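[1] fold the stuff below for me.
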Amino acid sequence: MHSECDDTWDMGKMKRIALGVEYNGSQFCGWQHQPQGCGIQDALERALTQIAGREVAVVAAGRTDTGVHATGQVLHFDVDVERPLTAWVRGANSFLPDGVAVLWAHQVNTDFHARFSAMSRSYRYVLLNHRVRPALGAGQVGWYHVPLDVARMQQAAALLIGEHDFSAFRAAECQARSPVRTLRQLNVDKQGDCVVFELTANAFLHHMVRNIVGALVFVGQGKHPPEWMLELLQQRDRTRAAPTFAPDGLHLCHVEYDAAWGLPDDRDAGRQNWGRN
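    Numbers count the residues shown, from 1 in each chain. Coordinates of the predicted model:
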């Protein structure tokens, strides 16, 4: 691992830096660059450009929508200037708005790619299941006022584990070449007044997590039996599933890479930890 103080790179030689980032998505118009400069990508590139003294472009492990948060986003960028790794953390944070922060920086081989080197992504959706909407948690948790049967939701969730065609849970504007994904984990747990959904997959389709949560909420409310999830998978018809759930409670928690890259094990590295005891 490259020391933060022992920076022996040659000036002019291209280096690739990986960063761990957390952000409050409710303060931005999503991850991706926007003409008006309101994307999280825009804020990070502006800050890193200040440190590098030249334009910096970043690539993320996943593009999150407006209102979606992250405690474990990973990105990379290339630079040909000499800077200690601390500059990409504390220095960049001094130029970033309050809603986004760099957690760590690590030199990686130029073969590393934040998106294509990732082996899995993990998301958490935190849903306040209470008759009264949240105030302190506004924007950080989803909300559903009708009592939910978590046991029914757990039965339904188990039917989605494995490799499936997730067309029924795919946004119409999704640009993925294939709707087939391998869902490795889908836990549904009651934690106080919150229902917490934890999902891990090799990759996710656009709106896939929020669409799954919406369908599970329908099951929990009693609108459909747990077996309805199998019907949705088989029908592969987005219009037969539940509406896309609100982004507020969705958090990108962790991106998994091969240990050979030497990245920090930053699962839940962020300080916001909704839905955890």
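[2] now stretch 101-120 - C-alpha only, CSV.
    Provided in CSV are the C-alpha atoms of stretch 101-120 (Å, rounded to 0.1, in the frame of the first residue of the first chain):
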residue,chain,number,x,y,z
ALA,A,101,-17.1,14.0,1.5
VAL,A,102,-14.1,11.9,0.5
LEU,A,103,-13.4,9.2,3.0
TRP,A,104,-10.1,7.7,1.7
ALA,A,105,-7.7,7.8,-1.2
HIS,A,106,-5.6,4.9,-2.6
GLN,A,107,-3.2,4.6,-5.5
VAL,A,108,-4.2,1.7,-7.8
ASN,A,109,-2.8,0.2,-11.0
THR,A,110,-4.2,1.8,-14.2
ASP,A,111,-5.9,-1.6,-14.9
PHE,A,112,-8.3,-0.8,-12.0
HIS,A,113,-11.7,0.5,-13.0
ALA,A,114,-14.2,1.7,-10.4
ARG,A,115,-17.2,0.3,-12.4
PHE,A,116,-15.9,-2.7,-14.4
SER,A,117,-13.6,-4.0,-11.6
ALA,A,118,-16.4,-4.2,-9.1
MET,A,119,-17.6,-7.7,-8.2
SER,A,120,-20.8,-6.7,-6.4
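[3] roughly how far is it from the heart of the chain?
    14 Å (C-alpha atoms, centre = their mean, to the nearest Å).
[4] ok, and for that stretch, which residues are buried?
    For stretch 101-120, burial by neighbour count (16 or more other C-beta atoms under 10 Å) applies to 101-108, 112, 114-115, 117-118, 120. C-beta here means a position set from N, CA and C on the backbone, and glycine is covered the same way.
[5] any chance of the residues you listed in TSV with distance to Ala215 as columns?
    What follows is the buried residues of stretch 101-120, written out as TSV (distance: C-beta to C-beta, whole Å):
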residue	distance to Ala215
Ala101	33
Val102	35
Leu103	33
Trp104	36
Ala105	39
His106	38
Gln107	42
Val108	38
Phe112	35
Ala114	30
Arg115	27
Ser117	31
Ala118	25
Ser120	22
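[6] His251 pairs with what?
    On the basis of DSSP bridges, His251 is bridged to His69, Arg124.
[7] just checking, it touches Thr71?
    Yes. Contact between His251 and Thr71 holds when scored by C-beta atoms under 8 Å: they sit 5.8 Å apart.
[8] neighbour count: those two, which is higher?
    Neighbour count, other C-beta atoms under 10 Å: between His251 and Thr71, His251 has more, with 28 against 23.
[9] enumerate every residue touching that one.
    Counting by C-beta atoms under 8 Å, 6 or more residues apart in numbering, His251 touches Val68, His69, Ala70, Thr71, Tyr123, Arg124, Tyr125, Val126, Gln272, Trp274.
[10] for Gln140, state which of those is nearest.
    Closest to Gln140 out of these is Trp274 (5.7 Å), distances taken as C-beta to C-beta.
[11] confidence score at that closest one?
    Reading off the confidence values, Trp274 has pLDDT 36.
[12] got it, and Ser3?
    For Ser3, pLDDT reads 38.
[13] same question, the one 3 residues further on
    According to the prediction, Asp6 has pLDDT 38.
[14] where does Ile212 land in three-state SS?
    Secondary structure, DSSP: H, G, I helix; E, B strand; the rest coil: Ile212 is helix.
[15] quick one: it and Ala168 touch, right?
    No. Applying C-beta under 8 Å, one finds Ile212 not in contact with Ala168, separated by 9.4 Å.
[16] out of the contacts of His251, which are buried?
    Using 16+ other C-beta under 10 Å as the burial test, the contacts of His251 include Val68, His69, Ala70, Thr71, Tyr123, Arg124, Tyr125, Val126, Trp274 as buried.
[17] show me which of these is closest to Gly91.
    Nearest to Gly91 among those, with distances taken as C-beta to C-beta, is Ala70, at 20.6 Å.
[18] give me the buried positions along stretch 39-58.
    In stretch 39-58, counting by 16+ other C-beta under 10 Å, buried: 39-49, 51-52, 56, 58.
[19] put the alpha carbons of it into PDB.
    Presented in PDB, the C-alpha positions along stretch 39-58 are these (Å, rounded to 0.1, in the frame of the first residue of the first chain):
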ATOM      1  CA  GLY A  39     -24.500  16.500  -9.900                       C
ATOM      2  CA  ILE A  40     -22.300  14.900  -7.300                       C
ATOM      3  CA  GLN A  41     -19.800  14.200 -10.100                       C
ATOM      4  CA  ASP A  42     -19.700  17.900 -10.800                       C
ATOM      5  CA  ALA A  43     -18.900  18.800  -7.200                       C
ATOM      6  CA  LEU A  44     -16.200  16.200  -6.900                       C
ATOM      7  CA  GLU A  45     -14.500  17.100 -10.200                       C
ATOM      8  CA  ARG A  46     -14.500  20.800  -9.300                       C
ATOM      9  CA  ALA A  47     -12.800  20.000  -5.900                       C
ATOM     10  CA  LEU A  48     -10.300  17.600  -7.300                       C
ATOM     11  CA  THR A  49      -9.500  20.000 -10.100                       C
ATOM     12  CA  GLN A  50      -8.600  22.600  -7.500                       C
ATOM     13  CA  ILE A  51      -6.100  20.100  -5.900                       C
ATOM     14  CA  ALA A  52      -4.600  18.900  -9.200                       C
ATOM     15  CA  GLY A  53      -4.300  22.300 -10.800                       C
ATOM     16  CA  ARG A  54      -5.800  20.900 -14.000                       C
ATOM     17  CA  GLU A  55      -9.100  19.400 -15.100                       C
ATOM     18  CA  VAL A  56     -10.000  16.000 -13.400                       C
ATOM     19  CA  ALA A  57     -12.700  13.600 -14.600                       C
ATOM     20  CA  VAL A  58     -14.000  10.900 -12.300                       C
END
